[in-house]
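Novice: Okay, structure incoming, though there's no sequence with it:
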């Protein structure tokens, strides 16, 4: 699966919405249910998916689908 599609699917699952409602260019400001509490749930879901803890710096940068996809790509390349 494409990393952007994986990011959309992960985000949709955490937020309880259809992935089709989340565009590849969506940010935290575009998705109504993506608030600060949901963001923590997104980070936890990412940690489960990549098999490691997300750093504080990464947590503060994960405010778009593309940034989540980038982390997924980097983690898969690193063997995570």
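Specialist: That came through, no problem. Everything numeric in this text was worked out from a predicted model, so none of it was measured.
Novice: name the element the residue positioned nearest the centre of the chain belongs to?
Specialist: In the chain, the centroid-proximal residue (C-alpha atoms, centre = their mean) is residue 68; its distance is 4.0 Å. Assessed by DSSP states H and E, residue 68 sits inside helix 65-77.
Novice: Low-confidence regions, this protein specifically.
Specialist: 79-80 (pLDDT under 70).
Novice: could you point out the longest helix in it?
Specialist: helix 36-50 (DSSP state H).
Novice: Give me the contacts around it.
Specialist: Outside helix 36-50, the residues that touch it by C-beta atoms under 8 Å, 6 or more residues apart in numbering are 10-11, 13-15, 28, 34, 53-54, 59, 62-63, 68, 71-72, 75-76, 80. All C-beta spots, glycine's among them, are computed from the backbone N, C-alpha and C.
Novice: Can you select the buried ones from these in ChimeraX?
Specialist: Per 16 or more other C-beta atoms under 10 Å, the buried members of the contacts of helix 36-50 correspond to this ChimeraX selection:
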select :10,11,14,15,28,34,54,59,62,63,68,71,72,75
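Novice: what's the neighbour count on residue 56?
Specialist: 8 (other C-beta atoms under 10 Å).
Novice: Roughly how far does it sit from residue 35?
Specialist: Counting by C-beta to C-beta, to the nearest Å, the gap from residue 56 to residue 35 is 19 Å.
Novice: Could you do residue 73 as well?
Specialist: Taken as C-beta to C-beta, the span from residue 73 to residue 35 is 26 Å.
Novice: Who has more neighbours out of those two?
Specialist: Of the pair residue 73 and residue 35, residue 73 is the one with more neighbours under other C-beta under 10 Å, namely 15 against 12.
Novice: what comes up buried for stretch 33-40?
Specialist: Buried residues in stretch 33-40 (16+ other C-beta under 10 Å): 34, 38-39.
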